[in-house]
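> for reference, the sequence and a predicted model appear below.
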Amino acid sequence: MTAGALGWSGPAAHTIAELLGRCTFPVVGTPVTCAVSGGADSTALAVLAVASGCAVTIAHVDHGLRPTSAADAAAVAQLAAQLGVPYTLHTVHVGAGPNLEARARAARYGALPADVLTGHTADDQAETMLINLLRGAATSGLAAMRPGPQRPLLNLRRADTEALCALAGLAVVHDETNADSRFVRNRVRHEVLPLLIDVAQRDLAPVLARQAAHLRADDDLLQQLAATIDVTDAPALAAAPLPLARRAVRAWLAAHEPEAHPPDSAAVDRVLDVAAGRSLACEVAGIGRVERHRQQLSISSFPDAFA
């Protein structure tokens, strides 16, 4: 479907065509679900998805965290009607308490299809990289979000989505929690990144996005090399380059107990001590006990306390 078929012409149609050239939507006709909050990024996502020729369904998640949430849902339903696409509303409950941002995100993604499309932009990518840096993430975290059909707007800027909505005359929802300094992302967006831009005296979003892309390529290569290591072969693991050995151990532990919290660096190093013979065995929280016997490593799960 073209911008003209959507009822837009002139600057709006030209902008839609130009932005589509930088997007990574699936092929024409692919059924997709777009997560739409009603903000400029997700509204632009819906418009561009329809213009790309995908078979779009708009999905909105009402967390019930703000008095205006019902009005937001109504605005997104109106957008779906304007675009002539199906609309689904998901209502989730997120109680008050610590880690509200993370719990709301988990509830949101839990309600949406696994292959949902999101409206993350290059600005979000830069923020994510900085947030992961503050959390002490390694290469995989600093690689930030992986581009592809599920994040088709990662080559766009927030200014692009705002301009599209303005040119198309689309009303957007303004979420007041986006200015709430209790949330790490908001402080990075409104305080940390502007300060870094001031220090660097240049726009850092594309710089950070490029760095994330370089780190993602490095991380992919290291993952491929680490996958060739037989972690159960203790001498081979002990002889492997440390960066690869750590990755191999982390993947081995995670595969043994996929639902467990990812093992931290200290746990990985304890396993390497067992492989090298510096320890007889070690325990990894939530996963089990790692032992070395006849040059082989094995994991024995913790006994069920209620068995």
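Arrived safely.

> going forward, measure contacts between C-alpha atoms and count neighbours the same way
Noted.

> pull the longest strand from the protein.
strand 55-62 (DSSP state E).

> list the contacts of that strand.
With Cα atoms under 8 Å, 6 or more residues apart in numbering as the test, strand 55-62 has contacts from 28-37, 46, 49-50, 69-70, 73, 76, 80, 85-92, 108, 111-112.

> below-threshold pLDDT in the chain: ranges please.
1-7, 65, 95, 97, 303-307 (pLDDT under 70).

> how about the helices in it?
Along the chain, the segments classed as helices by DSSP state H run 11-20, 40-51, 69-83, 100-111, 122-134, 139-142, 158-167, 184-187, 193-200, 205-226, 234-239, 242-256, 265-275.

> out of those helices, indicate the one that is most buried.
helix 40-51 (a mean of 25; mean count of other Cα atoms under 10 Å).

> got the contact list for that helix?
1-3, 6, 16, 19-20, 25, 34-37, 56, 58, 79, 83, 118-121, 153, 158, 161-162, 164-165, 172-173.

> if I look at D230, how far off is A248?
8 Å (Cα to Cα, to the nearest Å).

> same check on A44?
In terms of Cα to Cα, A44 sits 40 Å off from A248.

> quick check: closest non-adjacent residue to the residue most central in space within the chain.
Per Cα atoms, centre = their mean, the C-alpha nearest to the average position across the chain is that of M145, at 5.0 Å. In this structure, M145 finds its nearest non-sequential neighbour in Q125, 6.4 Å apart by Cα to Cα, 6 or more residues apart in numbering.

> spit out the contact partners of that neighbour.
A144, M145, L154, A205, L208, A209.

> quick check: the farthest pair among those?
M145 and A205 (13.6 Å; Cα to Cα).

> contact partners for L130?
L142, V188.

> CA atoms of the longest strand of the chain as PDB?
Only the C-alpha atoms of strand 55-62 are listed here, as PDB (Å, rounded to 0.1, in the frame of the first residue of the first chain):
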ATOM      1  CA  ALA A  55      -0.600  -7.300   6.700                       C
ATOM      2  CA  VAL A  56      -0.600  -5.300   9.900                       C
ATOM      3  CA  THR A  57      -2.400  -5.800  13.200                       C
ATOM      4  CA  ILE A  58      -2.000  -3.100  15.800                       C
ATOM      5  CA  ALA A  59      -1.600  -4.300  19.400                       C
ATOM      6  CA  HIS A  60      -1.800  -2.000  22.400                       C
ATOM      7  CA  VAL A  61      -1.000  -3.000  26.000                       C
ATOM      8  CA  ASP A  62      -2.800  -1.200  28.800                       C
END
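
> from L79, how far out is the closest residue in space to F183 that isn't next to it in sequence?
Take F183 and drop its neighbours on the chain: the residue closest to it by Cα to Cα, 6+ apart is E101, 6.7 Å away. According to Cα to Cα, E101 stands 26 Å off from L79.

> same question, D41
13 Å.

> V249 against R270, yeah?
No - applying Cα atoms under 8 Å, one finds V249 not in contact with R270, separated by 10.2 Å.

> could you check how many residues crowd around the residue nearest to W8 when sequence neighbours are not counted?
Using Cα to Cα, 6+ apart and skipping residues adjacent in sequence, the residue nearest W8 is A168, 6.8 Å away. A168 has 21 neighbours, counted by other Cα atoms under 10 Å.

> with A96 instead?
9.

> now do R202
By other Cα under 10 Å, neighbour count at R202 equals 11.

> cool, and G169?
By other Cα under 10 Å, neighbour count at G169 equals 11.

> next: the one 5 residues further on.
Applying the criterion other Cα under 10 Å, we find 13 residues in the vicinity of H174.
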